[in-house]
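Engineer: Fold the following and give me the result.
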Amino acid sequence: MNRQVIINADDFGLSPAVNRGIIEAYLAGGITSTSMMVNMPGLADTVNAARSLPGLGVGLHFNLTYGRPLSDPAAVPSLVREDGIFLDGKIRRIRNASDVAAELDAQWNRFLETSLVPTHLDSHQLLHQDDPVIYQVMAELACRHRIPLRRSQIEHSLPPNPTLKMTDWVLLDTYGDSDGLQRLLHYVRSAPDGITEIMCHPGYVDDVLRGMSEWTEIRERELRVFTNPEITRTMQACLIEPVNFNALKELPVPSESGIPPPGPLFKPAATRTRSFKKGRSRSSITRTGRHANPKRRRRRSGSLSGKSILL
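Structural biologist: Modelled structure (predicted):
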């Protein structure tokens, strides 16, 4: 079986500076895909850039924690504060499924209004991984429109979606530290057979970003990693095909449940251990992909999770 890797940069559209960094990473060959936030200040800039880069896969980055909803705030009360701003993602929330579905439909339709065709669906701050209500709503839309959904490291106890497509593996880690590049290259060389998604957050910093996110300078450090030509050279040397989520469109659904079964733990040979759970992290590769973010206990772990930051 061939090895294919999607390197997806989240938060396209968050701000003009983040957009510029993502585009640079794509032009350098460091990413193959991105996911777009359609209610953020950088949207117009994002759309113009995406239209000029037809090889860049662009999915919908469903957002329920930054800015304002595209729906009437009064119509989605479980998602917003009294002033109509989204509730933040710092604590677990109880969200009404109909509110989530209404806002997802609004963001999906806004994406389509750009004339771009979404390649996949994922969520800001991994909300669909953390909240089974959001997961179910997103899975239903992904099945309805026949697009892939980012794999979750958590298997939610929900009715199966027989047509749901996901990558075989997902790897959620951060790369802004001193050995970020070497760790990334190790993940690439160790990629299992099938399709692996590697998530990242490259970008530049501007005042728009500073006004919304604490995840700032690390984006520029990740940008230095994802513009390094060693990524392309390593993929070529390992005979790994760089792809975006369009690679999943012609694949058959791999199981009756609609969710590819988790494979055995896949551990790359001797990587540095990093512990991200409860303030620590680890850098192993599993089939449920974890996310290392010291700000959120449940975020990244640098594990490749399969058939699996508060940013």
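Engineer: give me the element residue 199 is part of.
Structural biologist: Using DSSP states H and E, residue 199 sits within strand 194-200.
Engineer: Note down every partner strand of that strand and its orientation.
Structural biologist: Sheet pairing for strand 194-200, assigned by DSSP bridges, gives strand 3-12 (parallel), strand 169-172 (parallel).
Engineer: I'd like those strands written out as a markdown table, with mean pLDDT and mean neighbour count added.
Structural biologist: Glycine gets a C-beta too; all of them are placed from N, C-alpha and C. Formatted as a markdown table, those follow (pLDDT from 0 to 100; neighbours: other C-beta atoms under 10 Å):
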| stretch | mean pLDDT | mean neighbour count |
| --- | --- | --- |
| strand 3-12 | 98 | 26 |
| strand 169-172 | 94 | 30 |
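Engineer: what residues does the strand holding residue 199 touch?
Structural biologist: With C-beta atoms under 8 Å, 6 or more residues apart in numbering as the test, strand 194-200 has contacts from 1, 3-10, 25, 31, 150-151, 167-173, 175, 184, 187-188, 222, 225-226, 243, 247-248, 289, 291, 304.
Engineer: Kindly format the C-alpha coordinates of it as CSV.
Structural biologist: What follows is strand 194-200, C-alpha atoms only, in CSV (Å, rounded to 0.1, in the frame of the first residue of the first chain):
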residue,chain,number,x,y,z
GLY,A,194,-2.3,4.7,3.9
ILE,A,195,-3.2,8.4,4.3
THR,A,196,-1.8,10.3,7.2
GLU,A,197,-2.8,13.9,8.1
ILE,A,198,-0.3,16.0,9.9
MET,A,199,-1.8,19.2,11.4
CYS,A,200,0.1,22.4,11.9
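Engineer: For residue 75, give its distance to residue 109.
Structural biologist: 15 Å (C-beta to C-beta, to the nearest Å).
Engineer: cool, and residue 148?
Structural biologist: Relative to residue 109, and taking C-beta to C-beta, residue 148 is found at 19 Å.
Engineer: Just give the number of residues close to residue 76.
Structural biologist: 23 (other C-beta atoms under 10 Å).
Engineer: Including distance to residue 20, could the strands paired with strand 194-200 go into TSV?
Structural biologist: Output for those, formatted as TSV (distance: least, C-beta to C-beta, whole Å):
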stretch	distance to residue 20
strand 3-12	11
strand 169-172	24
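Engineer: wait, which of those strands is closest to residue 89?
Structural biologist: Among the strands paired with strand 194-200, strand 3-12 comes nearest to residue 89, with 13.4 Å by C-beta to C-beta.
Engineer: elements contacting the top helix by length along the chain?
Structural biologist: Secondary structure of the chain per DSSP state H: the longest helix is helix 97-113. Contact partners of helix 97-113 among helices and strands, from 3 or more C-beta pairs under 8 Å, 6 or more residues apart in numbering; DSSP states H and E: strand 57-62, helix 132-145.
Engineer: where does the stretch 151-300 of the chain dip in pLDDT?
Structural biologist: 250-300 (pLDDT under 70).
Engineer: switch the cut-off to 80
Structural biologist: Applying pLDDT under 80 to the stretch 151-300 of the chain flags the ranges 157-162, 250-300.
Engineer: How about the stretch 1-150 of the chain?
Structural biologist: 1, 90-91.
Engineer: at 70 instead, please
Structural biologist: 1.
Engineer: Now do the strands for the stretch 101-250 of the chain: every range, in order, please.
Structural biologist: Counting by DSSP state E, counting those that start in this stretch, the segments of the stretch 101-250 of the chain that form strands are 121-123, 169-172, 194-200, 241-242.
Engineer: Pull up the pairing partners for the last one, direction included.
Structural biologist: This points to strand 241-242. Assessed with DSSP bridges, strand 241-242 is paired to strand 3-12 (parallel).
Engineer: Quick check, residue 247 in contact with residue 6.
Structural biologist: Yes: counting by C-beta atoms under 8 Å, residue 6 is a contact partner of residue 247 at 7.4 Å.
Engineer: What residues of stretch 92-107 count as buried?
Structural biologist: 93, 95, 99, 100, 101, 102, 103, 104, 106, 107 (16 or more other C-beta atoms under 10 Å).
Engineer: dump the residue contacts of the closest residue to the last one other than its chain neighbours.
Structural biologist: So the one you mean is residue 107. Nearest residue to residue 107 in three dimensions, chain neighbours excluded: residue 38, at 5.1 Å (C-beta to C-beta, 6 or more residues apart in numbering). Residues counted as contacts of residue 38 (C-beta under 8 Å, 6+ apart) are 13, 60, 63, 70, 107, 110, 111, 114.
Engineer: Quick check: closest non-adjacent residue to the third one.
Structural biologist: To tie it back to what came earlier, the one meant is residue 63. Nearest non-adjacent residue to residue 63 (C-beta to C-beta, 6+ apart): residue 124, at 4.3 Å.
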